[in-house]
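Asker: take a look and give me a structure for this.
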Amino acid sequence: MRSYEVVTIIDPEVDGEGLSNIMDKLGKSISDKGGIVDEVSQWGKRKLAYPVKKFVEGNYVLTRFRLEPKLIKELDTSLGGSEEILRHLVIRVED
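Answerer: This next block holds a predicted model:
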């Protein structure tokens, strides 16, 4: 397994409980694929550099995890299909 980070920008209109549910779904998605979530860090609501889907703010969340490289494409696709996630970026972290 390799180490990865994903930064997600979540709809600013999602409340605290909804944000927790989204992060739980992401963690479950990683675990279901045989991965391990190492850390989840909420950065809070921040101003975006440019409007995304008509929003000028977003809730930033960083998730560090380990997963088999061949399963990253599936995770990327599932994140892109979420209505609440405005943007996301998965990067590989050097061990």
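
Asker: which ones are touching G44?
Answerer: Residues in contact with G44 (Cβ atoms under 8 Å, 6 or more residues apart in numbering) are 59-60. For every residue, glycine as well, the C-beta is placed using N, CA and C.

Asker: give me the below-cutoff pLDDT ranges for this protein.
Answerer: Residue ranges of the chain with pLDDT under 70: 95.

Asker: what is the biggest helix by length in it packed up against?
Answerer: Looking across the chain with DSSP state H, the single longest helix is helix 16-32. On a contact count with 3 or more Cβ pairs under 8 Å, 6 or more residues apart in numbering; DSSP states H and E, helix 16-32 meets strand 2-10, strand 36-52, strand 55-67, helix 72-80.

Asker: repeat the analysis, applying 7 Å as the threshold.
Answerer: If you count contacts as 3 or more Cβ pairs under 7 Å, 6 or more residues apart in numbering; DSSP states H and E, helix 16-32 packs onto strand 36-52, strand 55-67, helix 72-80.

Asker: go through it and flag the buried ones.
Answerer: Across helix 16-32, burial judged by 16 or more other Cβ atoms under 10 Å covers 19, 22-23, 26-27, 29-30.

Asker: tell me the angle of it relative to strand 55-67?
Answerer: 30 degrees (axes from the mean of the first three to the mean of the last three Cα atoms, to 10 degrees).

Asker: next, the angle from helix 16-32 to strand 36-52.
Answerer: Using the same axes, to 10 degrees, helix 16-32 lies at 130 degrees relative to strand 36-52.

Asker: CA atoms only for helix 16-32, dumped as CSV, please.
Answerer: Only the C-alpha atoms of helix 16-32 are listed here, as CSV (Å, rounded to 0.1, in the frame of the first residue of the first chain):
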residue,chain,number,x,y,z
GLY,A,16,-21.5,20.3,11.2
GLU,A,17,-23.3,17.0,11.3
GLY,A,18,-23.5,16.8,7.5
LEU,A,19,-19.8,17.5,7.3
SER,A,20,-19.1,14.7,9.7
ASN,A,21,-21.3,12.3,7.6
ILE,A,22,-19.4,13.2,4.4
MET,A,23,-16.1,12.6,6.2
ASP,A,24,-17.4,9.3,7.5
LYS,A,25,-18.5,8.2,4.0
LEU,A,26,-15.0,9.0,2.7
GLY,A,27,-13.4,7.0,5.4
LYS,A,28,-15.8,4.1,4.9
SER,A,29,-15.1,4.2,1.1
ILE,A,30,-11.4,3.9,1.7
SER,A,31,-11.8,1.2,4.3
ASP,A,32,-14.2,-0.8,2.0
